[in-house]
Each structure stands twice: as C-alpha cells, then as structure tokens.
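Undergrad: how would this look folded up:
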Amino acid sequence: MTELNQSLVVEDLQEIGEMRSRSDLIYGLNDRPPVPEAIFVAFQHVLAAFVGIITPPLIICTSLGLDPTNTSYIISMSLFASGLCTFIQCRKFGPVGSGLLSLQGTSFAFLGPILGVGTFALQGGRSPEQALALIFGVCFFGSAVEIILSRFLHLMSRIITPVVSGTVVMIIGLGLIKTGIISLAGGVAAQKNGTFGSVQNLSLGIGVLLIVVFLTISKNRFLRMGAIAIGLVVGYIISAMMGMVDLSVLSKLPIISPPIPFRYGLSFDIGAFLPFILLYILTAIETVGDLTATSAVSGEPVSGSLYIRRIKGGVLGDGVNSAIAALLNTFPNTTFSQNNGVIQMTGVGSRYVGFYVAGIFALLGLLPIVGGIFQAIPQPVLGGATTVMFGSIAVAGLSIVSSAKLDRRAMIIVAVSLATGLGVLYAPEIFNDKPPLIKNLFGSSISTGGLTAILLSWLLPRHEVAEDTQSPEAEV
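TA: Next comes the predicted model:
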C-alpha cells in the first residue's frame, strides 16, 4: 500500500470515528443486526417506500389505458426492480453502488415526461403496448447520461446550483398537481363517462386527502410516517363498501409472475429522448443530496475521499439501476430520501438491513396478486393521496431554493424558469405547429423550465467579486 493510500485510509477512519461519536446509532453501516431485528426494521423501510414505488406505474398505466393484467404486471415489475436495484446499491459491486443503506424506487421526476411520451405515441396511432416500448427505450438509453455523468460530478456544481435544482423540483411538483387533481375527480375514465367531478368522486378524494393531512401533523411518528399508506387503505376500504372496487381481474392472474426482459420491446425517438437527458442530470444531483443525507444519518462522513467515492458509486448505481428497470419493463429508479427518516427513528444504519428490504420487494414483485390489488385502487382514492405528495414535492423544491442565497440573480433564475416551465404546461398548444423535435423538447414543463434555469445559471453574470471589493476591508 502506498503512503498516499495509507493516508487516505487513515483520513477515512478518522472521519468515520468523528461521525460515529456524534451519532446515536444502535447499529452502524457495517454492523450486522440480529435477523429478527433486521427484518423488523426492513419492514418499516418497505412501508415508507412502498406507496412511492407503485404510484408512478399506476398513474402511467392508467393514463395509457393499459388493461388490468398488464397494469398488474408492470406494478409487480416495479417492486421486483426496486428490490434488485436496492440490493445493488447497498451491496456495492465494484464501482457500482454506494454501499450505504439507500433504497431504490420508481422516480416521480420522470412521471410528467413519460406521460408526455406516452400521449405522443398514442396520438401517433400506437397501441398502449407500443407506447410502453417507446417509453422503455428512451429510459434505457437515457440512463447512459447518468452513468457517464457520475464520473464528472465535481464539474457540475458551478452551474447546477441549489437554485437550479430546487426550481426544477418545484416545477416537477407543480406540474404533477394537475395529474393528482384529475385523479381525485375520477380520472380519465370519469372524463369519458360523464362522472368526472361527481359528488361521490370528490367526497372520496377529498376525504383521503384530509386523512393524509391530519395524520401528517400527528404527534405520533409512526402515524406521520405511514400517513399516505393509511390514507390509501382507508380510502380503499370505503370505496369497496361503495362498490367502486373491481377485483375480478385477480382470478385471471398467475400465482407467480417471473420477470421477462424487454417484454414490450424497445423503440426510440430522438425528439422524445431529449427531455430525458436533462432529467437524468437532475436525478444525479438529487441522488447526491439523498446519499449525503443517508451518510449523515448513518454516522458516516459527508466530506473527504470516502464520501466522494460513495457518492460517485451511488450515482453510477442510479444510472445502472435505471437501465435495469427499463430492461425489466418498468420506469427509472432513483434513491428514496424518505428512508433517511426511518434510519433516524430506528437508529439502524446497517446496509445489511437493505438486503432484507431488497428481498421483501423482490418477493412482492413476483406475486402478481399484489399488483392486481393495487391496480384496482379507485382513481379518487389515488388522487387524494398523490395530490398531497405532489404538493410536497413542490414544497421540497422551495426548501432547496430557500437554502441558497436569494439575491437578484437567483430570483431572476427562479422567476423566469417557473414562468417558462409552467407556461408551456398551461398553454401546450403554442407548439402545435412546430416540428416534432421542438414540440417534444419544449412541450415538457420540466425540460423547458430546467433548460431555462441551467442556461440562466450559466450565462447570467455573478457579482460576488464586485460585492467583495466594496466591503470595508477592501476599502481599507
């Protein structure tokens, strides 16, 4: 071992020791909890992430008009992929993976653009299955962006600032609220059969929303953590009593559903692909934040060489896992931040718990009945819960922006990016007569607002040096 490597090891050990001394962990990153305790903690992680994993595929399949059998299969594959990808992230294979207790799940960030690609494909005369082939194709090849980017993360911090990433997260949340409200009022099916916004749909959706809100502000930490899941279960039971749940599809599902790679095939369209380039860049930045938080709550260093290696490995794992997800017929995966709260509450940061979490998700994914039960959730119930989730995404973006210095330059970046991003969401017809490439690239609120934020962050002059020269010290 060279002197340089020896010094790096000493530095890493010192950093870990300092972090451990400030933490209240029962089990650290490389500790092995007894099996019963590990399984108990693993189920808490599963409950915290479960709804977030199944909601995007459920919304996408419903919007594409996919039949219940295929919808159930894709939900199952989302769970199976999350299990496999979580194992890769926690176990770490060579440079791939962070080696932290970091869970992987379906990313909400891609929901808007995926719905846009799906709508574009359906309007072009493709079937829902062919639309899926296009979606999985652009997601599969787009993952290469994050894989490559993981090697150059240190070069992006000057342009992709908290103001930029926070603004894009705000646009993601604000854009998705429309999807949540449509579901709350009954969904696309209700728009077609004339029951959209009926008293029954609104009462059920708003009721679920209120349950989630009241549980979220509860003093009981377990109720807060399970607010969305409890809201969905209560809404599901009430809607079943109202005769709104159809479980007839369950009898048609196989007992076990093995993964079938590329079941729907792959196709590609450059116009549909372009918005995903930006999304994978932003997902990489989001993953850096998630993994930094995971390191902190796990008593691990958040600076230094070990931290950098873990961050790069985690982002690389994010990209590889998104490619695996597309191969398994589901949507891009990313790190889940809500599980950091579970680590804090349980005091267990052991990555070995992640192996149990991975096993549970993979097992659930192999059982089609799980996906079948959830695909039967009535749209108002789903909308009542997701509307709160989407609003929370927007607030998270606001929190990121407010963590930075909001000078005039930052305010201009936020204002113009929000205006352009939400503008194309409110009036998408402005691109109706434009070439498909332009229409696909700027028809998405995320790509339009995100590109605006990045360009302004790059081009607008910075005044820190000028302001420093006007300080009293400079005058002296």
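Undergrad: for the stretch 351-476 of the chain, what are the low-confidence residue spans?
TA: Of all residues in the stretch 351-476 of the chain, those with pLDDT under 70 make up the ranges 437, 440, 463-476.
Undergrad: Strands of the stretch 1-150 of the chain, residue ranges please.
TA: 104-106 (DSSP state E, counting those that start in this stretch).
Undergrad: pLDDT weak spots in it?
TA: Ranges of the stretch 1-150 of the chain meeting pLDDT under 70: 1-24.
Undergrad: Which stretches in it count as helices?
TA: In the stretch 1-150 of the chain, the segments counted as helices under DSSP state H, counting those that start in this stretch are 3-21, 35-64, 68-91, 111-123, 128-149.
Undergrad: what do you get for the stretch 301-450 of the chain?
TA: In the stretch 301-450 of the chain, the segments counted as helices under DSSP H, counting those that start in this stretch are 305-327, 339-346, 351-365, 368-375, 379-402, 408-426, 436-442, 445-459.
Undergrad: how about the first one: buried residues?
TA: Taking 16 or more other C-beta atoms under 10 Å as the basis for neighbour counts, the residues of helix 305-327 that come out buried are 306-307, 310-327. C-beta coordinates here come from the backbone N, C-alpha and C atoms, glycine included.
Undergrad: ok so, going back, would JSON lines of the helices of the stretch 301-450 of the chain with distance to Ala229 be doable?
TA: As requested, the helices of the stretch 301-450 of the chain are exported to JSON lines (distance: least, C-beta to C-beta, whole Å):
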{"stretch": "helix 305-327", "distance to Ala229": "22"}
{"stretch": "helix 339-346", "distance to Ala229": "13"}
{"stretch": "helix 351-365", "distance to Ala229": "14"}
{"stretch": "helix 368-375", "distance to Ala229": "11"}
{"stretch": "helix 379-402", "distance to Ala229": "9"}
{"stretch": "helix 408-426", "distance to Ala229": "29"}
{"stretch": "helix 436-442", "distance to Ala229": "35"}
{"stretch": "helix 445-459", "distance to Ala229": "27"}
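Undergrad: quick one: which of those is nearest Phe120?
TA: In terms of C-beta to C-beta, the element of these nearest to Phe120 is helix 436-442, at 6.7 Å.
Undergrad: Run through the neighbouring helices and strands of that closest one.
TA: Applying 3 or more C-beta pairs under 8 Å, 6 or more residues apart in numbering; DSSP states H and E, one finds that helix 436-442 makes contact with helix 111-123, helix 270-297.
Undergrad: Of all those helices, which one is nearest Tyr426?
TA: Closest to Tyr426 of those is helix 111-123 (C-beta to C-beta; 13.6 Å).
Undergrad: Helix 270-297 and the closest one, what's the angle between them?
TA: 160 degrees (axes from the mean of the first three to the mean of the last three C-alpha atoms, to 10 degrees).
Undergrad: Skipping adjacent residues, who's closest to Ser218 in space?
TA: Excluding its sequence neighbours, the residue lying closest to Ser218 (C-beta to C-beta, 6 or more residues apart in numbering) is Arg224, at 5.6 Å.
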